[in-house]
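K.L.:
structure, please.
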Amino acid sequence: MGMCFCILGSGSAGNCAVLRTETSRVLVDAGFSTRKLRQLLHDANESLEQIDAIFLTHEHGDHAAGIEGLKKFPHIQIFANAATARAVQAKLDHRPSWQIFETGARFAFRDLEIESFHVPHDAQEPVGFTFSHGNGLPSPRRRLAWLTDLGHAPQHIHERIRDVDVVVVESNHCIRLLQADIKRPWPTKQRISGRHGHLSNDGMRELLEAVASPRWQHIVLTHLSRDCNSREAVEVSLAGLRARLRCQFSIVAPGEGIPRVEIT
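P.N.:
Here you go, the predicted structure:
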């Protein structure tokens, strides 16, 4: 077994994924209640008892709400930078097993190598991750980039996703559908579409076109807005890009996940 992952849920109602290797089972974010998280893991043939660690991208509830209910699982280590840990801890009545990293640092957890990097979003100190597994002997070294909740993609993000096998990136909203939405007030629309908000379908396409790495095997588009996006709108933005990149694409519907993806 190399490295594989499945997305348990994605969108404004909650975000979480499970990443597995031979010796590690970790979550990327935990934006659901413990009860919901248990069910989602059960459906994926996993359990909280098997989870070793959680890696938090930032403190917003749709990514970190589940930490509150994990007091019965003290074995789970919670990896976050200091600013994110402080923001989450302020809402807890217990103290998890925090493992603090410095944004930009490279560190190991069991058979994984993790790198964090800053992303522009309206949180305390939000990050993206790359997860690497394997030393190339005998199995190939595989790398996964995790990139959600960002208003735009500076050059350093281009470099972080260039040399990976799988890119998980948000495609949050269609600009036209966001502008036409009647549920959200104008300030909220400005926040979403701002440079520290969420990546639009067009922003996603521009990022992937700019990097266009021949190494990519699979691109997973996540964190779609239920009201301000659609699979059809995402497909319009992907027009021409599929053929150019020649890799597999998966679009994660709002509130849903995707089954296991093997990184071979």
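K.L.:
dump the residue contacts of the spatially closest residue to residue 73 that is not a sequence neighbour.
P.N.:
Excluding the flanking residues, the one nearest residue 73 by CB to CB, 6 or more residues apart in numbering is residue 48, at 5.5 Å. All C-beta atoms are positioned from the backbone trio N, CA, C, and that covers glycine. By CB atoms under 8 Å, 6 or more residues apart in numbering, residue 48 lies in contact with 34, 37, 38, 41, 70, 73, 76.
K.L.:
7 Å instead, please
P.N.:
37, 38, 41, 73 (CB atoms under 7 Å, 6 or more residues apart in numbering).
K.L.:
closest to residue 124 among these?
P.N.:
Among these, residue 37 lies closest to residue 124 (CB to CB), at 22.9 Å.
K.L.:
the closest one touches residue 67, doesn't it?
P.N.:
No: with contact defined as CB atoms under 7 Å, residue 37 does not count as touching residue 67 (10.4 Å).
K.L.:
now do the shared contacts for those two.
P.N.:
What both residue 37 and residue 67 touch, as defined by CB under 7 Å, 6+ apart, is the set residue 30.
K.L.:
tell me which of the two has more neighbours.
P.N.:
residue 67 (26 against 23; other CB atoms under 10 Å).
K.L.:
relative to residue 240, how far out is the more buried one?
P.N.:
41 Å (CB to CB, to the nearest Å).
K.L.:
what's the answer for residue 41, then?
P.N.:
Residue 41 sits 38 Å away from residue 240, taking CB to CB as the criterion.
K.L.:
okay, the two: which has more neighbours?
P.N.:
residue 41 (22 against 10).
K.L.:
what sits against the more buried one?
P.N.:
Residue 41 is in contact with 8, 18, 47, 48, counting by CB under 7 Å, 6+ apart.
K.L.:
helix/strand/coil for it?
P.N.:
Judged by DSSP: H, G, I helix; E, B strand; the rest coil, the three-state class of residue 41 is helix.
K.L.:
got any ranges where the chain has weak pLDDT?
P.N.:
Within the chain, the segments meeting pLDDT under 70 span 1, 138.
K.L.:
which residue ranges of it form strands?
P.N.:
Residue ranges of the strands in the chain, as given by DSSP state E, are 3-9, 16-20, 25-30, 53-55, 77-80, 97-100, 106-109, 112-118, 127-133, 142-147, 166-170, 218-222, 248-251, 258-263.
K.L.:
report the distance from the fifth one to the chain centre.
P.N.:
Counting by CA atoms, centre = their mean, to the nearest Å, strand 77-80 is centred 15 Å from the centre of its parent chain.
K.L.:
who's in contact with the closest residue to residue 140 other than its chain neighbours?
P.N.:
Nearest residue to residue 140, sequence neighbours excluded (CB to CB, 6+ apart): residue 134, at 5.9 Å. If a contact means CB under 7 Å, 6+ apart, then residue 134 has 2, 140, 141, 142 as its contacts.
K.L.:
ramachandran angles for residue 102?
P.N.:
Phi and psi for residue 102, reported as degrees, to the nearest 10, are phi -90, psi 130.
K.L.:
residue 250 versus residue 59, what's the distance?
P.N.:
Residue 59 is 27 Å from residue 250, by CB to CB.
K.L.:
of these two, which one has the most company?
P.N.:
A direct count of neighbours by other CB under 10 Å for residue 59 and residue 250 places residue 59 higher, at 23 against 15.
K.L.:
doesn't residue 84 make contact with that one?
P.N.:
Yes: counting by CB under 7 Å, residue 59 does reach residue 84; the two are 5.1 Å apart.
K.L.:
what sits in contact with each of those two?
P.N.:
In contact with both residue 59 and residue 84: residue 124, using CB under 7 Å, 6+ apart.
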